[in-house]
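[1] need a 3D model of the sequence below.
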Amino acid sequence: MTKGIHRLYISTLVMIVIVTTIYLSYIGYSYYILPLEERFYHPQYDWFKPGGTLGHGLGILGTLMILFGVTIYIARKRYNFMSKYLRLKYLLEFHIFLCTLGPILIVFHTSFKIGGIVSIAFWCMVAVVLSGVIGRFIYIQIPRTIEGRELGLNEVQELKNELSQSLVTNYALDQNTLETIKSVGEYNPLSLSGWAKSKLTIAKIKSSLKKQVSNKGSRQNLIATITQEVSLSQKIKRLQTMQKLFKYWHVAHLPFALIMLVIVLIHVVVTLALGYKWIF
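    Below you'll find the predicted structure:
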């Protein structure tokens, strides 16, 4: 999957979440803004209430999305399930999508009425979603193979050396440009000033390359190589930090997820025991 297709894939998933949220908010706005004691008199009360046709259905669908998103990701990551067909980094995006949209559907299922033991599951769900966003940021900072396998420090350093060598051997760049490229990777990638300096310096490099490389296609390939080399240089600087953060992140993410799933399971069992059914 190319970068362009990957971006389109992520954009599509994000748009589905946004459009779904807006649509559900729009059709149920008149119900959700009512005080709890007045909702019974709403003409579509039997549709929007947690046990209603739509409300109950959203709860079932949201729960299934979360369970499937968690199960398929764990099966692929830990047990190499369908490893030939499911690339881990793309499956991660799908996992995040399901475990973002699922909780949103569950919030609409509750009709924004959260209390009792379900409130514990709700706030655990919020913690899981927020920690998932943080986890994805940490995840993408760690260099990986195209299949999603985490690269070690030596492997990343070797890739960087290969790119640095290709800049010297394949492109006739002057020494000043090479030194400038090297300097970009020295900026602190975890600070705002370092990020800003990197962007500014790369912009200057691109301007300089217009004078040195006349062919547009060659120049674009060169810029892509330089950008990748700079990215690897900065990732080497933060690799160990991010690997430690990723381990600590699991300590926070997994317990909240487990608590949420256990309470949801209890909620489902109690609901069935009390005789609540959907359209079946």
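
[2] what residue, apart from its backbone neighbours, is nearest residue 49 spatially?
    Leaving out its chain neighbours, the residue that sits closest to residue 49 by C-beta to C-beta, 6 or more residues apart in numbering is residue 55, at 5.3 Å. Using the backbone N, CA and C atoms, a C-beta is placed for each residue, glycine as well.

[3] show me what contacts that neighbour?
    Applying C-beta atoms under 8 Å, 6 or more residues apart in numbering to residue 55 gives the contacts 47-49, 108-109, 111.

[4] tell me the one of these nearest residue 165?
    residue 108 (55.0 Å; C-beta to C-beta).

[5] next, the buried residues of the one helix or strand the closest one maps to.
    Using DSSP states H and E, residue 108 falls within helix 88-109. Within helix 88-109, the residues that count as buried by 16 or more other C-beta atoms under 10 Å are 88-89, 91-109.

[6] by residue count, which helix of this protein is the longest?
    Ordering each helix of the chain by length in residues (DSSP state H) puts helix 216-273 first.

[7] what helices or strands is that helix leaning on?
    Helix 216-273 sits against helix 53-79, helix 117-141, helix 153-170, helix 175-184, helix 192-212, with contacts defined as 3 or more C-beta pairs under 8 Å, 6 or more residues apart in numbering; DSSP states H and E.

[8] which one of those helices has the lowest average pLDDT?
    When the helices and strands packed on helix 216-273 are compared by mean pLDDT, helix 192-212 comes last with a mean of 64.

[9] quick one: residues contacting the closest residue to residue 101 other than its chain neighbours.
    Leaving aside its sequence neighbours, residue 101 sits nearest to residue 17 (C-beta to C-beta, 6+ apart; 5.1 Å). For residue 17, the contact set (C-beta under 8 Å, 6+ apart) comprises 97, 100-101, 104.

[10] look up how far residue 125 lies from residue 17.
    Separation of residue 17 from residue 125 (C-beta to C-beta, to the nearest Å) stands at 15 Å.

[11] give the contact list for the closest residue to residue 69 other than its chain neighbours.
    Once flanking residues are discounted, residue 69 sits nearest to residue 98: 3.1 Å by C-beta to C-beta, 6+ apart. Listed by C-beta under 8 Å, 6+ apart, the contact set of residue 98 reads 65-66, 68-69.

[12] quick check: the two most widely separated of the residues you listed?
    66 and 68 (7.4 Å).

[13] neighbour count: those two, which is higher?
    residue 66 (25 against 15; other C-beta atoms under 10 Å).

[14] and residue 278, which of the three is it?
    Counting by DSSP: H, G, I helix; E, B strand; the rest coil, the backbone at residue 278 sits in coil.

[15] how many neighbours does it have?
    Using other C-beta under 10 Å, residue 278 is surrounded by 13 other residues.

[16] tell me the contacts of it?
    In this structure, residue 278 makes contact with 53, 56-57, 60, judged by C-beta under 8 Å, 6+ apart.

[17] which among these count as buried?
    The buried subset of these - by 16+ other C-beta under 10 Å - is residue 56.
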